[in-house]
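In: Turn this into a structure:
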Amino acid sequence: MQLRLSLRLLADFRFFFLIFLHLPLLAQTTITGQVVDSLSGDGLEGASVMLKREGKTVTFVRTDKNGYFSLKVERERNDKLQGSLMDYSRQTIDLEKDDGNIIRMAQKSFRLKEVRVLASPVLQRKDTIIYDLTHYATDRDNTLKDVLKKLPGVEVAKNGRISYNGKELSRFTVEGMDLSKGQYNKLTDNIRARDVKRAEVVNHDQPIKALRNRVFTDDVGMNITLKDSVRDRLVPILRPYFLVGQPTHVGGDAAAMQIGKKKQLEYTVQYDRTGRDMEG
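Out: Take a look at the predicted model:
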(Lines give C-alpha, C1' and ligand atoms only; values in the text may rest on other atoms or scores of the structure.)
Protein backbone atom coordinates (compact mmCIF):
# COMPACT_ATOMS: atom_id res chain seq x y z
CA MET A 1 0.00 0.00 0.00
CA GLN A 2 2.77 2.39 0.92
CA LEU A 3 4.63 1.47 -2.26
CA ARG A 4 1.59 2.31 -4.42
CA LEU A 5 1.17 5.62 -2.60
CA SER A 6 4.83 6.47 -3.11
CA LEU A 7 4.66 5.66 -6.82
CA ARG A 8 1.53 7.79 -7.20
CA LEU A 9 3.15 10.71 -5.38
CA LEU A 10 6.21 10.34 -7.61
CA ALA A 11 4.01 10.44 -10.74
CA ASP A 12 2.19 13.52 -9.46
CA PHE A 13 5.52 15.16 -8.68
CA ARG A 14 6.78 14.53 -12.22
CA PHE A 15 3.54 15.96 -13.65
CA PHE A 16 3.78 19.18 -11.65
CA PHE A 17 7.51 19.39 -12.32
CA LEU A 18 6.86 19.36 -16.07
CA ILE A 19 4.24 22.09 -15.67
CA PHE A 20 6.70 24.11 -13.61
CA LEU A 21 9.30 23.84 -16.39
CA HIS A 22 6.86 25.31 -18.91
CA LEU A 23 5.58 28.11 -16.70
CA PRO A 24 8.39 30.54 -17.68
CA LEU A 25 7.25 30.21 -21.29
CA LEU A 26 3.64 31.07 -20.43
CA ALA A 27 4.12 33.62 -17.67
CA GLN A 28 3.80 37.28 -18.53
CA THR A 29 7.14 39.04 -18.62
CA THR A 30 8.23 42.65 -19.03
CA ILE A 31 10.40 43.44 -22.04
CA THR A 32 12.32 46.71 -21.90
CA GLY A 33 14.62 48.36 -24.39
CA GLN A 34 15.42 51.52 -26.32
CA VAL A 35 15.05 52.79 -29.88
CA VAL A 36 18.02 54.89 -31.01
CA ASP A 37 19.34 56.60 -34.12
CA SER A 38 21.92 54.29 -35.70
CA LEU A 39 24.36 57.15 -36.32
CA SER A 40 24.04 59.49 -33.35
CA GLY A 41 22.89 56.94 -30.78
CA ASP A 42 20.25 59.38 -29.54
CA GLY A 43 16.95 57.97 -28.27
CA LEU A 44 14.01 58.37 -30.67
CA GLU A 45 10.77 59.65 -29.15
CA GLY A 46 7.38 58.44 -30.40
CA ALA A 47 8.67 55.37 -32.24
CA SER A 48 6.30 52.41 -32.47
CA VAL A 49 7.72 49.17 -31.05
CA MET A 50 5.80 46.05 -32.09
CA LEU A 51 6.11 42.52 -30.76
CA LYS A 52 6.09 40.27 -33.83
CA ARG A 53 5.11 36.62 -33.64
CA GLU A 54 5.17 34.58 -36.85
CA GLY A 55 4.92 37.81 -38.84
CA LYS A 56 1.90 39.15 -36.97
CA THR A 57 1.76 42.08 -34.53
CA VAL A 58 0.81 40.85 -31.05
CA THR A 59 1.00 44.20 -29.25
CA PHE A 60 2.79 47.52 -29.56
CA VAL A 61 3.86 50.54 -27.54
CA ARG A 62 5.43 53.93 -28.23
CA THR A 63 8.77 55.10 -26.89
CA ASP A 64 9.10 57.91 -24.35
CA LYS A 65 11.05 61.15 -24.87
CA ASN A 66 14.35 59.29 -24.42
CA GLY A 67 13.45 56.40 -26.70
CA TYR A 68 12.78 53.84 -23.96
CA PHE A 69 9.90 51.36 -24.05
CA SER A 70 8.36 48.65 -21.88
CA LEU A 71 6.10 45.78 -23.00
CA LYS A 72 4.25 43.26 -20.83
CA VAL A 73 3.60 40.08 -22.80
CA GLU A 74 3.42 36.31 -22.60
CA ARG A 75 6.70 35.75 -24.34
CA GLU A 76 7.27 32.85 -26.72
CA ARG A 77 10.34 31.57 -28.49
CA ASN A 78 11.27 33.27 -31.77
CA ASP A 79 9.41 36.47 -30.82
CA LYS A 80 10.87 39.56 -32.43
CA LEU A 81 10.75 43.31 -31.87
CA GLN A 82 10.19 45.74 -34.74
CA GLY A 83 10.72 49.50 -34.58
CA SER A 84 8.86 51.94 -36.83
CA LEU A 85 9.14 55.73 -37.11
CA MET A 86 8.51 58.33 -39.78
CA ASP A 87 11.58 58.95 -42.01
CA TYR A 88 13.34 55.84 -40.64
CA SER A 89 13.61 52.37 -42.12
CA ARG A 90 11.90 49.68 -40.08
CA GLN A 91 14.26 47.59 -38.00
CA THR A 92 13.59 44.12 -36.57
CA ILE A 93 15.66 42.43 -33.85
CA ASP A 94 15.61 38.98 -32.24
CA LEU A 95 14.54 38.96 -28.59
CA GLU A 96 16.93 36.15 -27.76
CA LYS A 97 19.99 38.35 -28.28
CA ASP A 98 21.38 39.69 -25.01
CA ASP A 99 22.02 43.29 -26.06
CA GLY A 100 19.44 45.12 -23.96
CA ASN A 101 16.88 45.07 -26.80
CA ILE A 102 18.36 48.16 -28.42
CA ILE A 103 16.73 48.85 -31.78
CA ARG A 104 19.08 50.91 -33.96
CA MET A 105 17.17 52.64 -36.74
CA ALA A 106 18.68 54.24 -39.84
CA GLN A 107 17.25 57.29 -41.54
CA LYS A 108 15.81 56.67 -44.99
CA SER A 109 17.83 57.67 -48.02
CA PHE A 110 15.44 60.51 -48.93
CA ARG A 111 15.95 62.18 -45.56
CA LEU A 112 18.24 64.86 -47.04
CA LYS A 113 15.59 65.81 -49.57
CA GLU A 114 13.00 66.22 -46.83
CA VAL A 115 15.37 68.39 -44.82
CA ARG A 116 15.24 70.89 -47.65
CA VAL A 117 11.46 70.70 -47.66
CA LEU A 118 11.30 71.38 -43.93
CA ALA A 119 12.57 74.89 -44.65
CA SER A 120 9.07 75.49 -46.05
CA PRO A 121 5.97 75.29 -43.81
CA VAL A 122 5.97 71.54 -43.13
CA LEU A 123 5.89 70.29 -39.55
CA GLN A 124 6.22 66.80 -38.12
CA ARG A 125 4.64 65.74 -34.83
CA LYS A 126 5.29 62.05 -34.16
CA ASP A 127 3.24 60.23 -36.83
CA THR A 128 1.59 63.39 -38.22
CA ILE A 129 2.88 65.60 -41.06
CA ILE A 130 1.29 69.06 -41.18
CA TYR A 131 1.36 71.07 -44.42
CA ASP A 132 0.60 74.79 -44.51
CA LEU A 133 -1.56 74.86 -47.65
CA THR A 134 -1.52 78.65 -47.82
CA HIS A 135 2.17 78.36 -48.69
CA TYR A 136 1.49 76.10 -51.69
CA ALA A 137 -1.76 77.59 -53.03
CA THR A 138 -1.45 80.25 -55.74
CA ASP A 139 -3.89 82.28 -57.82
CA ARG A 140 -3.58 79.67 -60.57
CA ASP A 141 -4.95 76.92 -58.34
CA ASN A 142 -8.72 76.51 -58.47
CA THR A 143 -9.39 73.52 -56.23
CA LEU A 144 -8.02 71.68 -53.22
CA LYS A 145 -6.89 68.94 -55.59
CA ASP A 146 -4.63 71.41 -57.40
CA VAL A 147 -2.92 72.26 -54.11
CA LEU A 148 -2.55 68.66 -52.92
CA LYS A 149 -0.64 67.79 -56.10
CA LYS A 150 2.13 70.17 -54.96
CA LEU A 151 2.72 68.64 -51.52
CA PRO A 152 5.94 66.66 -51.00
CA GLY A 153 5.21 62.94 -50.72
CA VAL A 154 1.57 63.35 -51.83
CA GLU A 155 0.36 61.93 -55.15
CA VAL A 156 -3.04 62.44 -56.78
CA ALA A 157 -3.95 59.83 -59.40
CA LYS A 158 -6.00 60.53 -62.52
CA ASN A 159 -9.03 58.95 -60.85
CA GLY A 160 -8.66 61.33 -57.90
CA ARG A 161 -7.33 58.78 -55.38
CA ILE A 162 -4.69 60.24 -53.05
CA SER A 163 -1.54 58.49 -51.83
CA TYR A 164 1.21 59.43 -49.40
CA ASN A 165 4.67 57.94 -49.95
CA GLY A 166 3.08 55.39 -52.29
CA LYS A 167 0.35 54.27 -49.84
CA GLU A 168 -3.26 55.14 -50.68
CA LEU A 169 -5.29 56.99 -48.07
CA SER A 170 -7.65 54.85 -46.03
CA ARG A 171 -9.51 57.87 -44.66
CA PHE A 172 -10.09 61.45 -45.87
CA THR A 173 -11.76 63.99 -43.59
CA VAL A 174 -12.49 67.71 -43.61
CA GLU A 175 -12.54 69.43 -40.22
CA GLY A 176 -12.35 65.95 -38.68
CA MET A 177 -15.53 64.65 -40.37
CA ASP A 178 -15.88 62.14 -43.20
CA LEU A 179 -18.39 63.83 -45.50
CA SER A 180 -17.58 61.74 -48.56
CA LYS A 181 -17.52 58.24 -46.97
CA GLY A 182 -14.38 57.42 -48.92
CA GLN A 183 -15.58 58.97 -52.20
CA TYR A 184 -13.60 62.17 -51.79
CA ASN A 185 -12.87 62.91 -55.46
CA LYS A 186 -15.76 65.39 -55.84
CA LEU A 187 -14.92 66.91 -52.48
CA THR A 188 -11.36 67.78 -53.52
CA ASP A 189 -12.77 69.23 -56.74
CA ASN A 190 -15.43 71.34 -55.00
CA ILE A 191 -13.37 72.83 -52.17
CA ARG A 192 -11.71 75.99 -53.43
CA ALA A 193 -7.94 76.37 -53.18
CA ARG A 194 -8.23 79.78 -51.53
CA ASP A 195 -10.40 78.36 -48.72
CA VAL A 196 -7.97 75.74 -47.34
CA LYS A 197 -5.59 76.30 -44.44
CA ARG A 198 -3.64 73.09 -43.80
CA ALA A 199 -3.50 69.36 -44.50
CA GLU A 200 -2.57 66.77 -41.88
CA VAL A 201 -1.27 63.38 -42.98
CA VAL A 202 -1.55 60.80 -40.17
CA ASN A 203 0.51 57.62 -40.34
CA HIS A 204 -0.76 54.59 -38.38
CA ASP A 205 -4.20 56.24 -38.53
CA GLN A 206 -6.74 54.81 -36.07
CA PRO A 207 -10.22 56.35 -36.56
CA ILE A 208 -11.64 54.81 -33.37
CA LYS A 209 -10.52 56.96 -30.44
CA ALA A 210 -10.91 54.18 -27.87
CA LEU A 211 -8.41 52.03 -29.80
CA ARG A 212 -5.72 54.67 -30.32
CA ASN A 213 -2.39 53.68 -28.77
CA ARG A 214 -3.89 50.20 -28.28
CA VAL A 215 -4.52 48.74 -31.73
CA PHE A 216 -1.75 49.34 -34.27
CA THR A 217 -2.55 50.04 -37.95
CA ASP A 218 -0.54 50.71 -41.09
CA ASP A 219 -3.28 52.97 -42.49
CA VAL A 220 -2.72 56.54 -43.65
CA GLY A 221 -5.33 59.26 -43.18
CA MET A 222 -5.60 62.90 -44.24
CA ASN A 223 -7.54 65.75 -42.64
CA ILE A 224 -8.14 69.15 -44.24
CA THR A 225 -8.61 72.29 -42.15
CA LEU A 226 -10.39 75.28 -43.68
CA LYS A 227 -9.75 78.95 -43.10
CA ASP A 228 -11.83 80.56 -40.36
CA SER A 229 -13.43 82.90 -42.90
CA VAL A 230 -15.25 80.05 -44.69
CA ARG A 231 -15.82 77.57 -41.89
CA ASP A 232 -19.56 77.00 -41.23
CA ARG A 233 -20.46 79.35 -44.10
CA LEU A 234 -22.36 78.40 -47.26
CA VAL A 235 -19.85 78.57 -50.13
CA PRO A 236 -21.20 78.46 -53.73
CA ILE A 237 -19.15 76.94 -56.56
CA LEU A 238 -20.07 77.35 -60.24
CA ARG A 239 -18.29 75.62 -63.15
CA PRO A 240 -19.93 76.45 -66.51
CA TYR A 241 -18.78 75.07 -69.85
CA PHE A 242 -19.31 76.11 -73.45
CA LEU A 243 -18.38 73.69 -76.23
CA VAL A 244 -18.59 74.78 -79.84
CA GLY A 245 -19.72 72.03 -82.20
CA GLN A 246 -22.73 70.32 -83.71
CA PRO A 247 -24.66 70.84 -81.55
CA THR A 248 -23.11 73.50 -79.34
CA HIS A 249 -23.05 72.41 -75.70
CA VAL A 250 -23.82 74.89 -72.95
CA GLY A 251 -24.00 73.68 -69.37
CA GLY A 252 -22.01 73.06 -66.25
CA ASP A 253 -22.36 72.09 -62.63
CA ALA A 254 -22.86 73.99 -59.43
CA ALA A 255 -22.23 73.11 -55.81
CA ALA A 256 -22.87 74.67 -52.45
CA MET A 257 -20.94 73.55 -49.39
CA GLN A 258 -21.21 74.31 -45.71
CA ILE A 259 -18.41 72.69 -43.73
CA GLY A 260 -17.73 72.96 -40.03
CA LYS A 261 -16.52 70.79 -37.18
CA LYS A 262 -20.05 69.77 -36.14
CA LYS A 263 -22.08 70.02 -39.36
CA GLN A 264 -21.21 69.42 -43.00
CA LEU A 265 -23.54 69.77 -46.00
CA GLU A 266 -22.92 69.50 -49.73
CA TYR A 267 -25.35 70.18 -52.56
CA THR A 268 -24.52 69.56 -56.21
CA VAL A 269 -26.53 70.42 -59.34
CA GLN A 270 -25.78 69.73 -63.01
CA TYR A 271 -27.36 71.67 -65.84
CA ASP A 272 -27.30 71.30 -69.61
CA ARG A 273 -29.17 73.15 -72.35
CA THR A 274 -28.80 70.55 -75.09
CA GLY A 275 -31.56 68.26 -73.84
CA ARG A 276 -29.21 65.28 -73.39
CA ASP A 277 -29.58 62.84 -70.51
CA MET A 278 -27.47 64.08 -67.58
CA GLU A 279 -27.30 60.56 -66.13
CA GLY A 280 -25.44 59.29 -69.15
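In: where exactly do the helices run in this structure?
Out: Ranges of helices within the chain are 2-26, 111-117, 133-136, 144-148, 185-190, based on DSSP state H.
In: pLDDT on the third one, on average?
Out: Meaning helix 133-136. Helix 133-136 comes out with an average pLDDT of 92.
In: tell me the domain boundaries of this protein?
Out: Using automatic domain parsing, the domain parsing of the chain gives 2-105, 111-226, 234-272.
In: Do you know the pLDDT at the residue nearest to Gln28 when sequence neighbours are not counted?
Out: What sits nearest to Gln28 in space, not counting adjacent residues and going by CB to CB, 6 or more residues apart in numbering, is Glu74, at 5.2 Å. C-betas here are computed from N, CA, C, even on glycine. On pLDDT, Glu74 comes in at 84.
In: Just to check, Glu74 is in contact with Thr30?
Out: No: using CB atoms under 8 Å, Glu74 is not in contact with Thr30; the gap is 11.3 Å.
In: Show me which of those two is the more surrounded one.
Out: Glu74 (12 against 9; other CB atoms under 10 Å).
In: Bridge partners for the closest residue to Lys80 other than its chain neighbours, pull those for me.
Out: Nearest residue to Lys80, sequence neighbours excluded (CB to CB, 6+ apart): Lys52, at 4.4 Å. Applying DSSP bridges to Lys52 gives these bridge partners: Thr57, Lys80.
In: isn't Lys52 right next to Leu81, touching?
Out: Yes: if you go by CB under 8 Å, Lys52 and Leu81 touch, sitting 7.1 Å apart.
In: more crowded one of those two?
Out: Between Lys52 and Leu81, counting by other CB under 10 Å, Leu81 is the more crowded of the two (22 against 17).
In: Next up, the contacts around the more buried one.
Out: Residues in contact with Leu81 (CB atoms under 8 Å, 6 or more residues apart in numbering) are 31, 33, 49-52, 92-93, 95, 101, 103.
In: lowest-pLDDT helix or strand in this protein?
Out: Ranked by mean pLDDT, DSSP states H and E, the weakest helix or strand in the chain is helix 111-117, scoring a mean of 44.
In: So for stretch 41-59, first residue to last residue, what's the gap.
Out: Stretch 41-59 has an end-to-end distance of 25 Å (criterion: CA to CA, to the nearest Å).
In: Buried residues of it, list them for me.
Out: 43-44, 46-53, 58 (16 or more other CB atoms under 10 Å).
In: Could you pull out the strands in the stretch 151-280 of the chain for me?
Out: Applying DSSP state E, counting those that start in this stretch to the stretch 151-280 of the chain gives strands spanning 154-156, 162-164, 167-168, 171-174, 196-203, 220-226, 234-243, 249-259, 264-272.
In: Going by mean pLDDT, which of those strands comes out lowest?
Out: Across these, strand 234-243 gives the lowest mean pLDDT, at a mean of 52.
In: Flag the shaky bits of the stretch 1-150 of the chain, pLDDT-wise.
Out: 1-27, 96-98, 109-120 (pLDDT under 70).
In: hmm, try it at 90
Out: Residue ranges of the stretch 1-150 of the chain with pLDDT under 90: 1-31, 46-48, 50-51, 53-62, 71-79, 84-90, 94-100, 107-128.
In: Quickly list what the nearest residue to Asp42 once chain neighbours are set aside is bridged to.
Out: Spatial nearest neighbour of Asp42, chain neighbours left out: Val36 (6.3 Å); criterion: CB to CB, 6+ apart. For Val36, the beta-bridge partners under DSSP bridges are Gly43, Arg104.
In: Neighbours of Val36, how many?
Out: The local packing of Val36 (other CB under 10 Å) involves 21 other residues.
In: So it is in contact with Ala106, correct?
Out: No: using CB under 8 Å as the test, Val36 is too far from Ala106 to be in contact (10.7 Å).
In: my guess is Leu95 meets Arg75, correct?
Out: Yes: if you go by CB under 8 Å, Leu95 and Arg75 touch, sitting 7.2 Å apart.
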